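In: quick one: sequence and predicted model below, then my questions.
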Amino acid sequence: MISTMLRLAGLLGGLIFPLTSLAAQSVLDLSLREVLDVTMQRSAELAPRDLAPQYTSSSWLAALPTVGLSYLQSDEKLGTDEAEFTINLPIKSGRQREVDRELQSLSAEIAAADELRRRLYWSGLIRESVWSHQAAVTRQRAAAHKVSLLSAMEARQRELLAASATSSYALLLIRQERLRAEIAQLEHSHDAQRWLQQYRQVTGLGNLPREIREPVPGGAAAALAQHPELLRLELGWRQQRTLLASAGQKASPWNLSLHAKQLDNPALDEQQLGVAIEMPLTLFDIETAPLNSEWQEQARQYWTARDELTVEIRRRWEVLNNEAAMLREKDALLRQSSELGESMAKQSEQLRTLNELGEEIALRRRMDAIDIESAAALNRVLIDQNNAMLRQAAGIPL
């Protein structure tokens, strides 16, 4: 644990100072979870937020105390003048203190749920950039392999043309295919660089980790049971219910009043001290109509939002799950097609040497075989990418 924290601290230092070769090597050895930890800490440093409460809540006062001062002067010669000083203390009821404890507990749970949502959000950005980069690199490698093969064929064709053993048409065909492959290589290289740049902007790290595959997630039921968005919605509804309960009649504060009165007349000068308390009778289960209406409205909004979110999570899961099944079937077919394509390319090369197949057809067979092989490799990347997106849809951060 300590070594992991030291390594992450060193990597965060690399966000400020240029990475040495040793630091770059350590980036490659990071797990995706460690990449996420670095990203989370970097985002917190770039955009610090003070979520401390702005005001301090009293454990026993329901509101600010009030002070009352009155003076009554008699218009009779022998009358009594009255002066009174009153302090009113609104005291939290037992129900209100219970609500305060519930809100404090909910605040901690909501903070943890929000942190989980932030981890899921940054996980989505990391997964998108990592797997899009991997797909672009796979396409780039396939195009580079094609360029290498065509360059070798072009050199051999030039030798045959110099020896007058072939026509220039075959050389033109090969050159045309090579240029197409170089254009594709350039496009895929630019695409890979673009996703790498996005990864660097998100994480602040210079290189992608070597190991990016993730475990297979559970089913849709597990996704709904642990999804951070549903958890946050549920906690928000619990908080809203608690706030509504705090506004109810049973949570009304007790009013403690301290009185000091002075009576002054020619025959008597008297001082009176007293205390009064006013408390609601919670034996009656009575609430105001506006509070009941607010409760019903908030409940409708919660269940509507929950239904919509549940449907959306299920929809995303089913789309990705169906895509996963399709990609697995496609992988099996591409493997067979790749084997057949390689055999056909070898046969076409033999027939070309026997002048039984045209140069253009033989070249096309060879290019088709390479394309099928690269499609199979890309499909395997897409299977792993789909698995990562399934975990994202299930609400599982890195």
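Out: Structure received. Computed from a predicted structure; not experimentally measured.
In: I'd say residue 269 and residue 263 touch.
Out: Yes: shown here, residue 269 and residue 263 form a contact pair, counting by C-beta atoms under 8 Å, at 7.4 Å. Any C-beta I mention is one placed from the backbone N, CA and C, and that applies to glycine too.
In: how about the helices in the stretch 201-350 of the chain?
Out: 220-226, 228-246, 289-353 (DSSP state H, counting those that start in this stretch).
In: what helices or strands is the last one leaning on?
Out: Taking 3 or more C-beta pairs under 8 Å, 6 or more residues apart in numbering; DSSP states H and E as contact, the helices and strands that helix 289-353 lies on are helix 220-226, helix 228-246, helix 359-393.
In: just how off-centre is it within its chain?
Out: 19 Å (C-alpha atoms, centre = their mean, to the nearest Å).
In: again, but for the shortest one
Out: Centroid separation between helix 220-226 and its chain, computed with C-alpha atoms, centre = their mean, is 16 Å.
In: same for that helix, what does it pack against?
Out: Using 3+ C-beta pairs under 8 Å, 6+ apart: helix 220-226 touches helix 289-353.
In: what's the angle from the helix it packs on to helix 228-246?
Out: Counting by axes from the mean of the first three to the mean of the last three C-alpha atoms, to 10 degrees, helix 289-353 lies at 180 degrees to helix 228-246.
In: and the angle for helix 289-353 with helix 359-393?
Out: Using the same axes, to 10 degrees, helix 289-353 lies at 160 degrees relative to helix 359-393.
In: more crowded one of residue 269 and residue 263?
Out: Each of residue 269 and residue 263 has its neighbours counted (other C-beta atoms under 10 Å); residue 263 has more, 15 against 9.
In: what sits opposite that one in the beta ladder?
Out: residue 82, residue 270 (DSSP bridges).
In: show me where this structure dips below the pLDDT cut-off.
Out: 1-26, 47-55, 165-166, 349-360 (pLDDT under 70).
In: hang on, the earlier thing: which of the helices of the stretch 201-350 of the chain sits most buried?
Out: The highest mean neighbour count among those, using mean count of other C-beta atoms under 10 Å, belongs to helix 228-246: a mean of 17.
In: helices and strands around it, which ones?
Out: By 3+ C-beta pairs under 8 Å, 6+ apart, helix 228-246 packs against helix 94-162, helix 289-353.
In: alpha carbons of it, as CSV, please.
Out: Extracted C-alpha coordinates of helix 228-246, given in CSV (Å, rounded to 0.1, in the frame of the first residue of the first chain):
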residue,chain,number,x,y,z
PRO,A,228,-24.1,5.0,-8.7
GLU,A,229,-26.7,7.0,-10.5
LEU,A,230,-29.5,5.0,-8.9
LEU,A,231,-27.8,5.1,-5.6
ARG,A,232,-27.5,8.9,-5.7
LEU,A,233,-31.1,9.3,-6.7
GLU,A,234,-32.2,7.1,-3.8
LEU,A,235,-30.1,9.1,-1.4
GLY,A,236,-31.5,12.3,-2.7
TRP,A,237,-35.1,11.1,-2.2
ARG,A,238,-34.2,10.0,1.4
GLN,A,239,-32.8,13.4,2.0
GLN,A,240,-35.9,15.1,0.6
ARG,A,241,-38.1,13.0,2.8
THR,A,242,-36.1,13.9,5.8
LEU,A,243,-36.3,17.6,4.9
LEU,A,244,-40.0,17.3,4.5
ALA,A,245,-40.3,15.6,7.9
SER,A,246,-38.3,18.4,9.5
